[in-house]
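Participant: Following is a predicted model, sequence given first.
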Amino acid sequence: MTNGIAARAEVADSVHPNHHSEALPDSATRTTERFHTHETKKGIGCEYDPRAPKQVVEACDEKPCSHPWAKEGSRESVESIAHGACFAIGQHRDSAPHLAVERFFRHLYTRFVRNHDFDERVGTGAFAPLLIVGAPRSGTTLAQRMLLADPRCAGGQESHFFATIGPVLREFDRKRAMARPHGMACYWTREEAIAKLRQLWLDAFGPVLVARPQATHLVEKTPDHALWLDVAAEVVPNARVLHVVRDSRAVVASLLRAGRAEWGRAWAPKSIDAAMQVWRRHVEAALASPLPTHLVRIEDLIEEPARELTAIAEFAGFGAEALCLEKAMLTSLDRSTRAFVAGGAVGAPPDEPEGFLRSASELRDGWRQELGWWDERRVWKQTRDILEVLGYTRTGLERRA
């Protein structure tokens, strides 16, 4: 009986080899450490002590349900199993905490405290998202809004998830390869780093699908993710990419206009050269995507929405039922953010600012009035190599048969 709990933890590891990929809340590890310290100070023996489970579960006033997605009512399960964990801790005073006990608490958390609302629908949808990317001001918002009109889809405001956590993985690789390796590679294996990023992804986007009971597909739109698709391929390898493109001249004109508006002043380029570079970087990066990618020209989505939405639905695996075209068109230019799942520190995101969304005609042809002849010729000349590959001509869009 002395090593029974530790032995069962070892067995659990071998039976469930993937459970280490589940994130263990810091509170769980800290709880074991604090209990061990408390045990040493108070002289709690190695024998069974009826106070121990409560001390483990409530150490430093932490509750087992404190994790944001912990399911209420799991307290009794945690306390009952914590009896054995306390006995195991008492057997390994010198390890503080012993590795087997730490594994035990990891298993304890993933089996009894983790949110049980994260069912197969949520897990499958979260880890097989549709990532909408493209150059800023290319119509990615329009594409997402049209898809979110369907109850099978759920999504929120731009997350910039990979732009935020992507540097962790890139720095991990860069610093590990140095002549003097340092950084997080001294603490994690690469597989562990990716597992932690996957858990962050699930923690962020699992609740989006939970909030939409009919939703089976996560639709995440962040234009800048075009620059981080290598990281996305490792964190969510089952993702698919919807690459939205727009005539470079229209994007340049729109970026310059955004740079003059209060809502875009902090991020939009202020010169034609800078705007062209933004367009080129994003388009080239998305064209080199390591994930399955479907390219849609926003002009085609405006002119032939039924055809393009059907192609998108087939690519994304939405099923045989057609997307609701009428509802998609009605919500596509709605400035409200009712279609988004609310959450986080912002709560319900505010409506999109005036000028953020453009009418269909402005999206398609507005640049002709906003760019002078010389500027239009300049943008065409410097982006022609990519525009022609995408099906654009000097006069506009080459129509499909």
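Facilitator: Looks like it came in fine. Residues are numbered from 1 along each chain as shown.

Participant: Point out where the stretch 51-200 of the chain drops to low pLDDT.
Facilitator: Confidence mapping of the stretch 51-200 of the chain against pLDDT under 70 gives the ranges 51-118.

Participant: and if we set it to 90?
Facilitator: 51-125, 142, 145-146, 149-151 (pLDDT under 90).

Participant: What segments of it are strands?
Facilitator: Counting by DSSP state E, counting those that start in this stretch, the stretch 51-200 of the chain has strands at residues 130-133, 153-154.

Participant: Mean neighbour count for the ones you listed - can I get that in a markdown table?
Facilitator: Yep, even glycine has a C-beta here, placed from its N, CA and C like the rest. Shown next, in a markdown table, are the strands of the stretch 51-200 of the chain (neighbours: other CB atoms under 10 Å):
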| stretch | mean neighbour count |
| --- | --- |
| strand 130-133 | 27 |
| strand 153-154 | 27 |
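
Participant: show me the biggest helix of the chain in terms of residues.
Facilitator: helix 190-210 (DSSP state H).

Participant: Packing partners of that helix?
Facilitator: Here helix 190-210 touches helix 120-126, helix 161-176, strand 217-221, helix 229-235, going by 3 or more CB pairs under 8 Å, 6 or more residues apart in numbering; DSSP states H and E.

Participant: Can you check what angle separates it from helix 161-176?
Facilitator: Here helix 190-210 runs at an angle of 170 degrees relative to helix 161-176 (axes from the mean of the first three to the mean of the last three CA atoms, to 10 degrees).

Participant: Break this protein down into its domains, please.
Facilitator: The chain breaks down into these domains under automatic domain parsing: 4-113, 120-397.

Participant: circling back: nearest approach to Q277 belongs to which of the strands of the stretch 51-200 of the chain?
Facilitator: When the strands of the stretch 51-200 of the chain are compared by CB to CB, strand 130-133 sits nearest Q277, at 17.0 Å.

Participant: Could you list the residues in contact with that closest one?
Facilitator: If you take CB atoms under 8 Å, 6 or more residues apart in numbering as the criterion, strand 130-133 is touched by 140, 143-144, 147, 153, 217-226, 229, 232, 239-244, 282, 286, 291, 316.

Participant: give me the element V241 is part of.
Facilitator: Secondary structure assignment for V241, by DSSP states H and E: strand 240-245.

Participant: In terms of pLDDT, where does the spatially closest residue to G155 that is not a sequence neighbour sit?
Facilitator: Leaving aside its sequence neighbours, G155 sits nearest to V219 (CB to CB, 6 or more residues apart in numbering; 4.0 Å). Turning to V219, the model gives it a pLDDT of 96.

Participant: re the thing from before, identify whichever of the strands of the stretch 51-200 of the chain lies nearest to G264.
Facilitator: The nearest among the strands of the stretch 51-200 of the chain, by CB to CB, is strand 130-133 at 18.7 Å.

Participant: Quick check: neighbours of the closest one in the sheet, parallel or antiparallel?
Facilitator: Strand 130-133 sits in its sheet next to strand 217-221 (parallel), strand 240-245 (parallel), going by DSSP bridges.

Participant: before we move on, back to that, got CSV for the helices and strands packed on helix 190-210, with distance to G347 too?
Facilitator: Below are these laid out as CSV (distance: least, CB to CB, whole Å):
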stretch, distance to G347
helix 120-126, 21
helix 161-176, 19
strand 217-221, 19
helix 229-235, 26
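
Participant: Quick one: the ones you listed as a markdown table, columns for mean neighbour count and distance to F340 too.
Facilitator: Below are the helices and strands packed on helix 190-210 laid out as a markdown table (neighbours: other CB atoms under 10 Å; distance: least, CB to CB, whole Å):
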| stretch | mean neighbour count | distance to F340 |
| --- | --- | --- |
| helix 120-126 | 17 | 16 |
| helix 161-176 | 16 | 15 |
| strand 217-221 | 26 | 10 |
| helix 229-235 | 19 | 21 |
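
Participant: so what pLDDT did the residue lying closest to S138 once chain neighbours are set aside get?
Facilitator: Spatially, and ignoring its direct neighbours in sequence, S138 is nearest to R246 (4.1 Å; CB to CB, 6+ apart). R246 is assigned 94 on the pLDDT scale.

Participant: ok, R246 touching T140?
Facilitator: No. R246 is not in contact with T140 according to CB atoms under 8 Å; the separation is 9.3 Å.

Participant: Find residues that contact each of those two.
Facilitator: Overlap of the contact sets of R246 and T140 (by CB under 8 Å, 6+ apart) consists of G134.

Participant: distance of the residue nearest to G155 from A143?
Facilitator: From V219 across to A143, the span is 9 Å (CB to CB, to the nearest Å).

Participant: And stretch 279-295, end to end?
Facilitator: Stretch 279-295 has an end-to-end distance of 15 Å (criterion: CA to CA, to the nearest Å).

Participant: Could you give me the buried positions within that stretch?
Facilitator: Of the residues in stretch 279-295, 279-280, 282-283, 285-286, 289, 291, 293-295 count as buried by neighbour count, 16 or more other CB atoms under 10 Å.

Participant: Could you double-check that R280 lies in contact with L387?
Facilitator: No. Using CB under 8 Å, R280 is not in contact with L387; the gap is 10.4 Å.

Participant: Can you pull the residues that touch both of those two?
Facilitator: S248.

Participant: who are the neighbours in contact with E191?
Facilitator: Listed by CB under 8 Å, 6+ apart, E191 has no contact partners.

Participant: Look up how far R198 lies from it.
Facilitator: 10 Å.

Participant: number of nearby residues for L148?
Facilitator: 25 (other CB atoms under 10 Å).

Participant: give the contact list for it.
Facilitator: Contacts of L148 by CB under 8 Å, 6+ apart are 154-155, 219, 331, 339-340.
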